[in-house]
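Enquirer: just need the structure, nothing else, for what follows:
(2 chains)
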Amino acid sequence: MLKNFVNKRDLPVFLGFIAIVLLAPIIMAPLGAGYPDLLQKFAIFGIFAIGFNILFGLTGYLSFGHAAFLGVGSYTAVWTFKLLTVNVVPAIFLSTLMGGLFALLIGVISLRRSGIYFSILTLAFAQMAYNLAYSVLTPITNGETGLQLTLNDSRVIDNMFREVSKTSLPSTDFFGLSMSGFSGFYFCAVVLIICFYISLRIFRSPFGVMLKAVKSNQERMSYTGLNTRPYTLAAFVISGMFAGLAGGLMAVTDPLAGAERMQWTVGGEVVLMTILGGAGTLIGPVLGAVTIKYFENIFSSLNDSILNSFFSFMPEPMQHVFTAVAGLFVGEGWHLTLGALFVVIVVFLPGGLMEGIGRIGKLFRRGGDDGDKKEPAAKFATPAE
Amino acid sequence: MGILQVKDINKRFGGLAALADVNLDIEQSTVHAIIGPNGAGKSTLLNCFVGRLKPDTGTVIFDGTSLLGIPPHEINQAGVSRVFQTPEIFGELTLLENVMIPAFAKRDGAFTLNAWPDLRRESDIKDKAANMLADLGLGEKLKIVAETLSRGDKRRLELAMCLVQDPKLLLLDEPTAGMARADTNATVDLLKGIAASGITMVVIEHDMHVVFSLADKITVMAQGTPIVEGLPEEIRGNAKVQEAYLGGAHL
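Expert: Next comes the predicted model:
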């Protein structure tokens, strides 16, 4: 039974992943990240990155437009809350579906090109979606204010089965379980584990090998009797569904959808997460998502007065200099830190954090005796997948 | 009536007539060699067979159906496999995966969304691929990443990728180019074995030793046109052939 469920070789990885995700509140507490709001973000962006990795990591098609599907997922979820029910199950199903549908539309056109032209097309579509959400689609998206729950929402299903309060705004729930606080995190955690499992199955399937073949040599693929277009389109749609689901979960934990989720910076962020963690690896994207969201949280919350007290052991003129320099990298300027981190990783660890972990693991196994014998081979090894 | 009939093919690149009035008839279960000096249009001709190029005029009929205007994957699904002059393989994948991919293409067609089954449980395909690699002397290297192979081994791998599909027609573009004599001899023996199994082959080759030990029939091309066609012994003493090679672009 279990043998059909997970491959023997992947079982430790999968069980380890489940354990870490479920114990995250305890594990992350010493790092100051053990609270549900942030943990939820880890899980949601983890899902986003896992899906993105199926496209980018396996086929090598670099999309800058996945923020559009994230946004579509959020809007769909909020509309589901408004029209049908605040129970989250229909919302996440519909947001996944809509993410996939939009990915199908955009994918069919964008995948007519490859390489940089594909990337530009996806970026263009995402920006179009973003601008539409702000302008002509205002009746659907509520423009700048963002789509919110109101007391006048029809909520057809809710009205059929329960008394709907006319005085206070509803909160989302999973059959009575509130989606705020730790229960919200655990809901996202379970979805993350399911998504990780799906990605694991895809990686290990014949379809997964075909996607790797797309990345490796499309020419050979077509002379081998394989039509590459539907393979890339399928990968694009699957990753769009993951993005839609992630967008839906954002609305689940906070029933609000705004156009800023479709902005290109969000689409760029998922690219960074995947590359930072290790594109084409199973765990890398989740690791990248956690790293970026963690640094965003820590560094953006620092300000000059905190820095000032941190450098207070120094003589005053030096303290001011250090505070001024470090101040550039925190608060609003945390993107500078992210950029620096990204440069360091890409230059020294092109395989991302997973490559770093692989190297450290190798060092321990060898006892550090003969350094890095046969290093060129590591270029082709798929690190810890 | 041959398995592959080529009629009146013309292909121009700007002012250059790469192929001019090419007519060919490839008999089933034979090895047909195409020789000629560099630039004679041999590879261009093969490109027209597999959908990489579309000729300006003419027809290419394989097994009763036209190959012109249909995409490469459909040509392959019809039973035509090709080995390229520079090996086209999946460099980042293992040898086993490299050969399993064409085996899947043969079994499941041009596209299947089999994203749930485990690759390792596809034992039929896996055994078929492993046996094919073993037949070509690569049985010890199943888990090796293809990129790290020597050039000769890459060619063998590409051949395995073609043969695992049981093609009706195998196109070989200089299968022994850049090989040492011993490797060349091994490849010739291998190709003889494949020919004996009844697969029709079209071989482009510069090495006359290889050509004369493999070919049932030889076409000599020069400046985009077949100038002589015949049995190996007829070609060997032909004055026109001597002229094409000695008076042509070869020297």
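Enquirer: spatially nearest residue to B:K143 (excluding sequence neighbours)?
Expert: When the adjacent residues along the chain are set aside, B:K143 lies closest to B:T94, with 5.4 Å between them (Cβ to Cβ, 6 or more residues apart in numbering or on different chains). Backbone N, C-alpha and C define where each C-beta goes, glycine included.
Enquirer: next, give phi and psi for the nearest residue to B:S29 once chain neighbours are set aside.
Expert: Nearest residue to B:S29, sequence neighbours excluded (Cβ to Cβ, 6+ apart): B:G198, at 4.8 Å. Dihedral pair for B:G198: phi 100, psi 0, per degrees, to the nearest 10.
Enquirer: repeat for the one 5 residues further on
Expert: Listed backbone geometry of B:V203 is phi -120, psi 130, with angles given as degrees, to the nearest 10.
Enquirer: that one contacts B:A177, doesn't it?
Expert: No - applying Cβ atoms under 8 Å as the test, B:V203 and B:A177 come out as separate, 11.6 Å apart.
Enquirer: just want to know which of those two has more residues nearby.
Expert: The residue with more neighbours, out of B:V203 and B:A177, is B:V203; 25 against 16, by other Cβ atoms under 10 Å in any protein chain shown.
Enquirer: quick one: the strands in chain A, in order.
Expert: Under the criterion DSSP state E, chain A contains strands at A:147-148, A:173-174, A:177-178, A:256-257.
Enquirer: helices or strands next to the third one in the packing?
Expert: Right, strand A:177-178. If you count contacts as 3 or more Cβ pairs under 8 Å, 6 or more residues apart in numbering or on different chains; DSSP states H and E, strand A:177-178 packs onto helix A:181-203.
Enquirer: next, the buried residues of the helix it packs on.
Expert: A:184-189, A:191-193, A:195-203 (16 or more other Cβ atoms under 10 Å in any protein chain shown).
Enquirer: give me the helices and strands touching it, please.
Expert: helix A:11-22, helix A:24-27, helix A:36-53, strand A:177-178, helix A:228-253.
Enquirer: now do that helix, average pLDDT.
Expert: Mean per-residue pLDDT for helix A:181-203: 95.
Enquirer: same question for stretch B:184-194.
Expert: On average, stretch B:184-194 scores 89.
Enquirer: same question, stretch A:249-259
Expert: 91.
Enquirer: run the chain-centre distance for that stretch.
Expert: 15 Å (Cα atoms, centre = their mean, to the nearest Å).
Enquirer: contacting residues around it?
Expert: Here stretch A:249-259 makes contact (Cβ atoms under 8 Å, 6 or more residues apart in numbering or on different chains) with A:40, A:43-44, A:47, A:70-71, A:73-75, A:77-78, A:81, A:86, A:88, A:91-92, A:95, A:130, A:133-134, A:141, A:143-144, A:146-149, A:171-172, A:179-180, A:184, A:187-188, A:191, A:247, A:261.
Enquirer: swap in stretch A:148-161?
Expert: By Cβ under 8 Å, 6+ apart, stretch A:148-161 touches A:78, A:81-87, A:90, A:142, A:164, A:166-167, A:169-170, A:255-256.
Enquirer: PyMOL command to pick out the buried ones of these?
Expert: To isolate the buried ones among those in PyMOL, judged by 16+ other Cβ under 10 Å, type:
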select buried, chain A and resi 78+81+82+84+85+86+87+90+142+170+255+256
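Enquirer: coming back round to it: could you tell me the least trusted of the helices and strands packed on helix A:181-203?
Expert: Among those, strand A:177-178 scores lowest, with a mean of 87.
Enquirer: partner strands of that one and their direction?
Expert: When sheet partners are counted by DSSP bridges, strand A:177-178 sits next to strand A:173-174 (antiparallel).
Enquirer: got the contact list for the strand it pairs with?
Expert: A:86-89, A:179, A:183, A:187.
Enquirer: nearest to chain B among the residues you listed?
Expert: When the contacts of strand A:173-174 are compared for distance to chain B (Cβ to the nearest Cβ), A:V89 wins out at 22.9 Å.
Enquirer: gap between the nearest residue in space to that closest one that is not next to it in sequence and chain B?
Expert: Leaving aside its sequence neighbours, A:V89 sits nearest to A:F174 (Cβ to Cβ, 6+ apart; 6.9 Å). Per Cβ to the nearest Cβ, to the nearest Å, A:F174 is found 26 Å from chain B.
Enquirer: now do the helices in the stretch 1-150 of chain A.
Expert: For the stretch 1-150 of chain A, the helices defined by DSSP state H, counting those that start in this stretch cover A:2-5, A:11-22, A:24-27, A:36-53, A:66-83, A:88-110, A:115-134, A:138-141.
Enquirer: same question, chain B
Expert: B:42-49, B:72-77, B:95-108, B:123-135, B:151-163, B:181-196, B:208-214, B:232-236, B:239-246 (DSSP state H).
Enquirer: picking that back up, got a list of what the residue nearest to B:K143 touches?
Expert: B:T94 touches B:142-146, counting by Cβ under 8 Å, 6+ apart.
Enquirer: do the same with A:L123
Expert: A:64-65, A:264, A:267.
Enquirer: flag every residue of the stretch 1-150 of chain B that's near chain A.
Expert: Within the stretch 1-150 of chain B, the positions near chain A by Cβ under 8 Å from any Cβ of the partner chain are B:50, B:71-73, B:76-77, B:81-82, B:84, B:88-93, B:97, B:100-102, B:104-106, B:108-120, B:122, B:125, B:145, B:147-148.
Enquirer: out of those, which are buried?
Expert: B:50, B:72-73, B:76-77, B:81-82, B:84, B:88-93, B:97, B:100-102, B:104-106, B:108, B:110-112, B:115, B:118-119, B:122, B:125, B:145.
Enquirer: nearest to A:I120, of the strands of chain A?
Expert: strand A:256-257 (26.5 Å; Cβ to Cβ).
Enquirer: partner strands of that closest one, with direction?
Expert: strand A:147-148 (antiparallel).
Enquirer: okay, and for chain A, where does confidence drop off?
Expert: A:1-3, A:367-385 (pLDDT under 70).
Enquirer: what sits against the spatially most distant residue from the centre of chain B?
Expert: Going by Cα atoms, centre = their mean, the residue of chain B most distant from its centre is B:W116, 34.1 Å out. Contact analysis of B:W116 by Cβ under 8 Å, 6+ apart lists A:201, A:205.
Enquirer: measure it to A:L55 for me?
Expert: Going from B:W116 to A:L55 by Cβ to Cβ, to the nearest Å gives 18 Å.
Enquirer: let me see the domain layout of chain B.
Expert: Annotated domains of chain B cover B:1-79+B:167-251, B:89-166 [automatic domain parsing].
Enquirer: worst average pLDDT in those domains?
Expert: domain B:1-79+B:167-251 (a mean of 88).
Enquirer: what number of residues lie near B:K7?
Expert: Neighbours of B:K7 (other Cβ under 10 Å): 14.
Enquirer: ok, A:F102 next?
Expert: 24.
Enquirer: again with the one 4 residues further on
Expert: By the criterion of other Cβ under 10 Å, A:I106 has 25 neighbours.
Enquirer: so it touches A:F118, yeah?
Expert: No - using Cβ under 8 Å, A:I106 is not in contact with A:F118, being 10.8 Å away.
Enquirer: which ones are touching A:L121?
Expert: A:L121 neighbours (Cβ under 8 Å, 6+ apart): A:65, A:109-110, A:113.
Enquirer: at 10 Å instead, please
Expert: Taking Cβ atoms under 10 Å, 6 or more residues apart in numbering or on different chains, we find A:L121 in contact with A:63-65, A:106-107, A:109-113.
Enquirer: how about JSON lines for these, with distance to chain B added?
Expert: JSON lines is the format used below for the contacts of A:L121 (distance: Cβ to the nearest Cβ, whole Å):
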{"residue": "A:S63", "distance to chain B": "19"}
{"residue": "A:F64", "distance to chain B": "24"}
{"residue": "A:G65", "distance to chain B": "23"}
{"residue": "A:I106", "distance to chain B": "19"}
{"residue": "A:G107", "distance to chain B": "14"}
{"residue": "A:I109", "distance to chain B": "19"}
{"residue": "A:S110", "distance to chain B": "18"}
{"residue": "A:L111", "distance to chain B": "13"}
{"residue": "A:R112", "distance to chain B": "14"}
{"residue": "A:R113", "distance to chain B": "17"}
